[in-house]
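Chemist: Could you look at this predicted model? Sequence included:
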Amino acid sequence: MHRLTVVSALVSLAAAVLPAQDPSAWQSLVEAERAFASHSVRTSMREAFLAHLHPQSVMFNPDPVNGITLYSGLPPGGGQLAWAPEVVDIAEAGDFGYSTGPHQFRKTADGPVVRQGYFCSVWVRSATEPWKVLIDLGSTQPQALSLDVVARDPTPRAATSAGTRAAESLLAAEQRLAEALARDQAGAYGEAFAPHVRVNRDGAPPAEGVSAALALVAAGGPVRRATPIKSAVASSGDLGYAYGRLELQGAAETAPPAYYVRVWRHDARGWRVVLDVDTVRLR
């Protein structure tokens, strides 16, 4: 049984509508993701990940592991991983953000693509440290895709700070969703999803918008239990993430463990899921 960890940010804002994002701050995360991808192609996955991962980064192999530890144990070679940011959003404080987009893997730099899909990365930075990847989880799909994408901000309206108790309220939202999934999966996700939600699932292209997202999560099968493990919020109280473990109804005892990552954004209706990714292979 995992013990839930809550990472509380220093949130000093009262609940209020936040000003529009600083375009230069948003662009800085786009450029950080592009620099990470370029580093991977130019040198190696191992070198790039070790340079861009946060010391407390979490990856899934299949269980959550420290990213630095994982990549430190890998050989220098191992193929070429290339990717590009397509959807990028950051908190008003500029210290937290996420990005997702297509990726391609080749065994050699000039070889054919042998695996493709979509990555999901949660990024953090501070006044003294540049953008670093805190959470990373990818999905694959059989359909060919292109890395020729243009980064865009998906947010339709200004965010709202959740106030001084943002970390606690995000955790409460995550726990409510986890408990509701076993009772009414479609209703629980329908209530939690933001209108512009994006869902990435292993075995299919991403789905955007509530209707498409609900159809895609249904293809993964009913959730028997969702157990949050860790959550955190930006210092501005408007953007946060949680990850945890999933157990599906009817899953074989020998099935590998499944995990999820969710990014939440706070607006006038409260916390809403804007990105939902898990490691469940679609049926």
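Modeler: Nice, I can see it.
Chemist: Name the single longest helix found in this structure.
Modeler: Identified as the longest helix of the chain according to DSSP state H is helix 23-42.
Chemist: Quick check: Thr43 vs Gly138, distance?
Modeler: Separation of Thr43 from Gly138 (Cβ to Cβ, to the nearest Å): 20 Å. Every C-beta, even on glycine, is put in place using the N, C-alpha and C of the backbone.
Chemist: sorry, that was for Ile229
Modeler: If you go by Cβ to Cβ, the gap between Ile229 and Gly138 works out to 19 Å.
Chemist: which parts of stretch 223-241 are buried?
Modeler: Under the neighbour-count criterion of 16 or more other Cβ atoms under 10 Å, stretch 223-241 has 223, 226, 228-241 buried.
Chemist: From the residues you listed, pick the one nearest Trp264.
Modeler: For the buried residues of stretch 223-241, the residue nearest Trp264 by Cβ to Cβ is Gly240; the value is 5.1 Å.
Chemist: any idea which helix or strand carries the closest one?
Modeler: Per DSSP states H and E, Gly240 falls inside strand 239-248.
Chemist: hang on, isn't Gly97 packed against Gly240?
Modeler: No. Between Gly97 and Gly240 there is no contact under Cβ atoms under 8 Å: 11.1 Å.
Chemist: show me the contacts for Thr279.
Modeler: Thr279 makes contacts with 60, 62, 137, 139, 202, 246, 256, 258-260, as judged by Cβ atoms under 8 Å, 6 or more residues apart in numbering.
Chemist: Ignore what I typed, I meant Asp238.
Modeler: Going by Cβ under 8 Å, 6+ apart, Asp238 touches 18, 91-93, 159-162, 166, 265-266.
Chemist: In helices only, show me those residues.
Modeler: Residues of the contacts of Asp238 located in helices (DSSP H): Ala166.
Chemist: among the contacts of Asp238, which are in strands?
Modeler: Assigned to strands by DSSP state E, the following of the contacts of Asp238 qualify: 265-266.
Chemist: still on that earlier bit, of the buried residues of stretch 223-241, the lowest pLDDT goes to which?
Modeler: Across the set of those, Val223 stands lowest in pLDDT, at 90.
Chemist: Quick check: that one vs Asp278, distance?
Modeler: 9 Å.
Chemist: shared neighbours, the two?
Modeler: Leu246.
Chemist: in the stretch 101-250 of the chain, which spans are strands?
Modeler: 113-124, 132-141, 193-202, 207-208, 223-233, 239-248 (DSSP state E, counting those that start in this stretch).
Chemist: Can you tell me the strand partners of the longest one and which way each runs?
Modeler: When you say that, I think you mean strand 113-124. Looking at strand 113-124 with DSSP bridges, its partner strands are strand 96-106 (antiparallel), strand 132-141 (antiparallel).
Chemist: buried stuff in it?
Modeler: 116-124.
Chemist: and if you look at the third one?
Modeler: Of the residues in strand 193-202, 193-194, 196-202 count as buried by neighbour count, 16+ other Cβ under 10 Å.
Chemist: quick check: angle from that strand to strand 96-106?
Modeler: Counting by axes from the mean of the first three to the mean of the last three Cα atoms, to 10 degrees, strand 193-202 lies at 30 degrees to strand 96-106.
Chemist: what's the answer for the last one, then?
Modeler: What separates the directions of strand 239-248 and strand 96-106 is an angle of 50 degrees, with the same axes, to 10 degrees.
Chemist: Lowest-confidence member of the contacts of Asp238, which is it?
Modeler: The member of the contacts of Asp238 with the lowest pLDDT is Leu18, at 54.
Chemist: Which residue lies nearest the spatial centre of this structure?
Modeler: Cys120 (4.3 Å; Cα atoms, centre = their mean).
Chemist: Could you measure from that residue over to Gln249?
Modeler: Cys120 sits 25 Å away from Gln249, going by Cβ to Cβ.
Chemist: Nearest spatial neighbour of Cys122, chain-adjacent residues omitted?
Modeler: For residue 122 the amino acid is Val, not Cys. Leaving aside its chain neighbours, Val122 sits nearest to Ile135 (3.9 Å; criterion: Cβ to Cβ, 6 or more residues apart in numbering).
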